[in-house]
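Colleague: One predicted model, sequence on top.
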Amino acid sequence: MTALKPSLPMLSFFLLLSLYSNTFIHTALADGVTPEEAKQLRDEVREMFYHAFNGYMEHAFPLDELRPQSCGGEDSLGGYALTLIDSLDTLALLGDRDRFAASVEWIGKNLQFDINKTVSVFETTIRVLGGLLSAHLIASDYATGMKIPTYNNELLNLAEDLARRLLPAFDTPSGIPFGSVNLMHGVDEHESKITSTAGGGTLTLEFGVLSRLTKDPIFEQVTMNAVRGLWARRSRLNLVGAHINVFTGEWTQKDAGIGTSIDSFYEYLLKAYLLFGDEEYLFIFQEAYAAAMHYLYNDPWYVEVNMDSAAVVWPLFNSLQAFWPGLQVLAGDIDPAIRTHTAFFSVWKRYGFTPEGFNLATLSVQHGQRSYPLRPELMESTYWLYKATRDPQYLDAGRDMVASLQYSARCPCGFCHISDVEFHKQEDHMESFFLAETVKYLWLLFDLAVGPDNLVENGPYKYIFSTEGHLLPATPEISLVQEHCSYFGAYCHTGNMQNESSASDVASNPQETNDGSLYGRVRTRFPSGSTFSDSTPISGLIKGVCPGLTHGQKFGISYVASSHRAQEESRNLRKPTVAESHSLVVVPGQTSEYSPSENKNYHEKFSESSVGGAVSDTPQKR
């Protein structure tokens, strides 16, 4: 199919769409959800979870995933009870002590990763590694109320073993990992050198938590290297593409967007800062987010553009974009989040589900992208917006989502993919994230409305949700909370700070708020016309700003351009490129507080790059 060419009428359409929103966006929601109905909906979602979980345990376990229509099972990732691992912290969240303890015990005794399987680094990290770490942190801590007396760090040991088997994927000139790795033999000889931006840049939370728990910095270092490797190769517009060659650093797909192949790269930049307190993640997020809002945002939708020219290449809403309003809530940028969620939910209202692709030019389902694989992103954003605003419209939206799932996706043993959103045709498959995320966010939404009594809302810690919905607590051991005090004044080390605390309505202590994980009610936001080089306060943790301080100025990391592109930009801009095409400037070495790892090869390799992007000794062809 020939790609749709952008045109002036099409661009005008984006500007005029909101004026005609009443013809497409449903403004009449269902009658308001009462407190009693919210309780009933919460209980209904709980039943939905157990319908699918019990179906998996009875008909598919210990295979990876359930076939909910035929009541069978299949191995889809690595053959290690994937759905059970992905469901662990949901069991804990629901307060199911018996099943949580029994599942942790079984995994501790039976799971092993010494298997000849080639697996996705990204999927294995967010589903398996994240699931093990989240369950470990719950099972080992009396403060959670779910501690297992006989538990002895079995899940943490498994997580460390798994992560070490993934480490060979990071042995690339760019520091950006291969997309897949064999758990027994390392990277296959003929493994593709092309990976997605999300695949390479969405590993920091899980690997970072593992480093904090094991006191071994290698896991955190390699994932920081990957982020730096990607960000160093951004365009001059501060946009990143969708796919990149991990050896040459050349972008093989230059479409920039917030959805497919890129989405969680943005998500982990902010969440890594919120969880770990490392301000470099925040600097990158500020620049990346401002560029996205400047070049991709066509209020209330988002488009895909060429990362170098910002020319619109694809006027498409894809379902993975639906996480974005939730991320904006965490960033304190509420107003555009509300408008975008309304637009995204209008697609759900029209079809009963969100298709994988919806064409904004034709206002119809994109050809070849008609399915809904039980994705959680819209539920996630609905939960966060209700948490931030307490607007009952989000409860109404949640009720509509539950109704669609129950009426059209429910199968004999679980919930089925929808292969065609217009005809609601079912497909015999259920991804593990349905139990890890989809029902979790719906349950949290209605439990919050009832009066929350759960680990997230009333527990001992503030929690950051991974991109797979796993609960990662901001404990002193993980987040190094004592470091956060320096971030309340933003980045200024002199008297240049512009204090905005009186105008931003931010609580002086994030632990005193219950509006969300480590953020307060924030009214400051990115102006729609702000330039991406400005440091603009977007998080509830920040009260001030040092004008004009960029990531490169702060940390000494400049972007790496191909030699051809550098020459073109040099001629066009009449100034030299920021960095030579074969080198990556990194920050000076830092002293680690962690104990040395037994894996000396990786320590030696990455200590040379000073926790920065891995740098080749010879010039590379980019």
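Modeller: Right, received. Where do you want to start? All of these numbers come straight from a predicted model, not from anything done at the bench.
Colleague: I'd like the distance from the helix or strand where residue 58 lies to the chain centre, please.
Modeller: Per DSSP states H and E: residue 58 is located in helix 35-59. Distance of helix 35-59 from the chain centroid (C-alpha atoms, centre = their mean, to the nearest Å) equals 25 Å.
Colleague: Show me what it is packed against.
Modeller: Identification of packing neighbours for helix 35-59 by 3 or more C-beta pairs under 8 Å, 6 or more residues apart in numbering; DSSP states H and E yields strand 65-67, strand 72-74, helix 82-93, helix 393-404, helix 439-450. Any C-beta I mention is one placed from the backbone N, CA and C, and that applies to glycine too.
Colleague: pretty sure residue 69 is in contact with residue 430, am I right?
Modeller: No. Look at residue 69 against residue 430 with C-beta atoms under 8 Å: they stay out of range, at 9.0 Å.
Colleague: Common neighbours of the two, please.
Modeller: 411, 416 (C-beta atoms under 8 Å, 6 or more residues apart in numbering).
Colleague: between these two, who's got more neighbours?
Modeller: residue 430 (28 against 18; other C-beta atoms under 10 Å).
Colleague: Name whatever forms a beta bridge with the more buried one.
Modeller: Beta-bridge partners recorded for residue 430 (DSSP bridges): residue 66.
Colleague: For the residue lying closest to residue 143 once chain neighbours are set aside, give me its contacts.
Modeller: Distances taken as C-beta to C-beta, 6 or more residues apart in numbering put residue 460 closest to residue 143, at 4.1 Å, once the chain neighbours are dropped. Residue 460 makes contact with 141, 143-144, 473 under the criterion C-beta under 8 Å, 6+ apart.
Colleague: got TSV for these, with secondary structure, pLDDT and distance to residue 102 too?
Modeller: What follows is the contacts of residue 460, written out as TSV (DSSP: H, G, I helix; E, B strand; the rest coil; pLDDT from 0 to 100; distance: C-beta to C-beta, whole Å):
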residue	secondary structure	pLDDT	distance to residue 102
141	coil	96	19
143	helix	94	22
144	helix	95	17
473	strand	96	23
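Colleague: Out of the residues you listed, give me the one that has the most neighbours.
Modeller: Within those, neighbour counts (other C-beta under 10 Å) peak at residue 473, which reaches 24 neighbours.
Colleague: and the gap between the residue lying closest to that one once chain neighbours are set aside and residue 439?
Modeller: Distance criterion C-beta to C-beta, 6+ apart; nearest residue to residue 473, sequence neighbours excluded, is residue 461 at 3.8 Å. Shown here: residue 461 relative to residue 439, a distance of 22 Å by C-beta to C-beta, to the nearest Å.
Colleague: Would you mind telling me which of the two has the busier surroundings?
Modeller: Neighbour comparison, residue 461 and residue 439: the larger count goes to residue 439, with 30 against 22 (by other C-beta under 10 Å).
Colleague: can I assume the more buried one is in contact with residue 52?
Modeller: Yes. Here residue 439 reaches residue 52: they are 7.5 Å apart, a contact under C-beta under 8 Å.
Colleague: Could I get the pLDDT score of residue 572?
Modeller: Per-residue confidence (pLDDT) for residue 572: 45.
Colleague: ugh, wrong one, residue 520
Modeller: At residue 520, the model reports a pLDDT of 31.
Colleague: quick thing: my sequence starts at 571, can you match it?
Modeller: All right, first residue 571 from here; so that's residue 1090.
Colleague: one step back: take the contacts of residue 1030 and lay them out in TSV including distance to residue 733.
Modeller: Shown next, in TSV, are the contacts of residue 1030 (distance: C-beta to C-beta, whole Å):
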residue	distance to residue 733
711	21
713	25
714	23
1043	19
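Colleague: Out of the residues you listed, which comes closest to residue 813?
Modeller: Taking C-beta to C-beta as the measure, residue 813 sits nearest to residue 1043 out of the contacts of residue 1030, at 33.7 Å.
Colleague: For the closest one, name its beta-bridge partners.
Modeller: Applying DSSP bridges, one finds that residue 1043 bridges with residue 1033.
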